[in-house]
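**Q** I'll drop the sequence and a predicted model, then ask my questions.
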Amino acid sequence: MPEILDIFNDQAFSAVTLTDTVNLVPNTYGLVGQMGLFEDEPVATTSVALDIANGVLGLLPMRPRGAPASVGTRERQKLKSFVIPHIPHDDSVLALDVQNMLARAPQIGLETVIGAVNRKLITMRRKHAITLENIRVSALKGRILDYDGAVVIDLFQEFGVTEKVFDFALGTAGTDVGAKLREVSGYMEDNLLGDTMTGVMGLASPAWFARYIGHASVKEAFRYYAATAPNADPNRADLRLGFTFQGVTIREYRGSATFLNADGSTSTVQRFIPDGDVRFFPLGTTETFKNYWAPPDFVDEVNTAPGLDAQVFVAPLERMKFGKGMEVHTESNPLPLCKRPNLLARGFSSN
């Protein structure tokens, strides 16, 4: 009698093994993640509370030795609580997905159950990855969005600040684009409130970026940049990968995904950075950007902070009725936050 594989008790199909497997899948949708902007911070709860303090750095008075020291004033604080989004995603592997199917290269022979499960997990992992990228980009825009574009958290409103907007007027030949960029940098420096930065980055939609690099003052700046940068060839350099002008690096960003429309039955492809926009944020900060990770909705993980490498979790497989297949459940629980939304700025061109 042939040996029957006990899928639901085999270690290869356990929640721990499957979670380890799915987290090894390369993240192919993650420019913002690859930049290392958001510092990961696992928490054991499903929400985080932040003390929002109006800290002010003032000059300290000089006093004679032995005289009383100046006394620090208490910061005005208010507590804000943010619920960490819960993003579950289910799929299934049916017997007919495996039966009579040839294994994918480099394997030889018929498909195996574990092979089918792993392929399914790769697809599910990539859906979580592009979802995380969208949430991170929306955090850089100051409004964290759901899959359909609905605002989940308005950081400007929560922190009581007004979004800063810069009009670059790229349709005007005489516009001093360098001066506009200096305005952006100066605004960032004035609003650090105790944090530090090493530079300013702008992620631009293709439409805005094309107008930006086509402006006469930017073209002139790039000719100088290409002539002085080591190994730079102005005829071969791809400006879309980033061009630094007046201390601000602007890069074309083409991230996009399919969004469901309001009727729920049709969908459209939308860019994470809307056409005609550029979004600015500081680089090299220490306390401004955090990515909080909550534990999964599993009884074995309750009140336990997840590991730094555990962004997507997989539940134990569930057998379908009559043994027709198995259900696969994955989930992620991320909350990327900009704790100083007054450091976020939008750029556009009115002409």
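**A** In hand now; what should we look at?

**Q** so how many other residues sit close to E301?
**A** Here the count is done by other CB atoms under 10 Å, and E301 has 16 residues near it. Just so you know, the C-beta spots here come from the backbone N, C-alpha and C atoms, and that holds for glycine as well.

**Q** which ones are touching it?
**A** 295, 313 (CB atoms under 8 Å, 6 or more residues apart in numbering).

**Q** ok, 10 Å please
**A** 15, 44, 294-295, 310, 313 (CB atoms under 10 Å, 6 or more residues apart in numbering).

**Q** what's the answer for F348, then?
**A** Going by CB under 10 Å, 6+ apart, F348 touches 165-170, 205, 208, 274, 276-278.

**Q** next up, phi/psi of it, please.
**A** With angles defined as degrees, to the nearest 10, F348 sits at phi -150, psi -180.

**Q** report the beta-bridge partners for it.
**A** D167 (DSSP bridges).

**Q** helix, strand or coil for K219?
**A** The three-state label given to K219 by DSSP: H, G, I helix; E, B strand; the rest coil is helix.

**Q** give the closest residue to it in space, chain neighbours not counted.
**A** Leaving aside its sequence neighbours, K219 sits nearest to I213 (CB to CB, 6 or more residues apart in numbering; 7.3 Å).

**Q** how near is that neighbour to G202?
**A** Shown here: I213 relative to G202, a distance of 12 Å by CB to CB, to the nearest Å.

**Q** of the two, who's got more company?
**A** Using other CB under 10 Å, the more surrounded residue of I213 and G202 is G202, with 27 against 19.

**Q** host element of that one?
**A** Using DSSP states H and E, G202 maps to strand 199-204.

**Q** list the neighbouring strands of that strand plus their orientation.
**A** Strand 199-204 has these strand partners (DSSP bridges): strand 248-252 (parallel), strand 278-283 (antiparallel).

**Q** which parts of the stretch 51-200 of the chain are helices?
**A** Taking DSSP state H, counting those that start in this stretch as the test, the helices found in the stretch 51-200 of the chain are 113-140, 155-159, 177-190.

**Q** restricting to C-alpha, output the second one in CSV.
**A** What follows is helix 155-159 as a C-alpha-only set of coordinates in CSV (Å, rounded to 0.1, in the frame of the first residue of the first chain):
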residue,chain,number,x,y,z
LEU,A,155,-1.2,62.5,9.9
PHE,A,156,-1.6,66.2,9.3
GLN,A,157,-4.9,66.3,11.1
GLU,A,158,-3.8,64.0,13.9
PHE,A,159,-0.6,66.1,14.6
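
**Q** now for it, which elements pack on it?
**A** strand 47-53, strand 77-83, helix 113-140, strand 143-145, strand 334-338 (3 or more CB pairs under 10 Å, 6 or more residues apart in numbering; DSSP states H and E).

**Q** which residues sit against it?
**A** Here helix 155-159 makes contact (CB under 10 Å, 6+ apart) with 50, 52, 78, 80-82, 138-144, 151, 161-164, 337-342, 344.

**Q** from one end of stretch 151-170 to the other, what's the distance?
**A** End-to-end distance for stretch 151-170, by CA to CA, to the nearest Å: 30 Å.

**Q** in that stretch, what's buried?
**A** Neighbour-count burial for stretch 151-170, counted by 16 or more other CB atoms under 10 Å, picks out 153, 155-156, 158-159, 161, 163-164, 166, 168-170.

**Q** one more: stretch 276-290?
**A** Buried, per 16+ other CB under 10 Å, within stretch 276-290: 277-282, 285, 288-290.

**Q** next secondary structure element downstream of the helix or strand bottoming out on mean pLDDT in the chain?
**A** Lowest by mean pLDDT, DSSP states H and E among the helices and strands of the chain is helix 15-22, with a mean of 67. Next along the chain after helix 15-22, taking DSSP H and E as the criterion, comes helix 31-34.

**Q** check which helices and strands that next one is in contact with.
**A** By 3+ CB pairs under 10 Å, 6+ apart, helix 31-34 packs against helix 113-140, strand 199-204.

**Q** contacts for that helix?
**A** By CB under 10 Å, 6+ apart, the list of residues contacting helix 31-34 from outside reads 27, 37-38, 40, 129, 132-137, 139-140, 201, 203, 251, 253-255, 272, 281, 289, 291, 311, 336.
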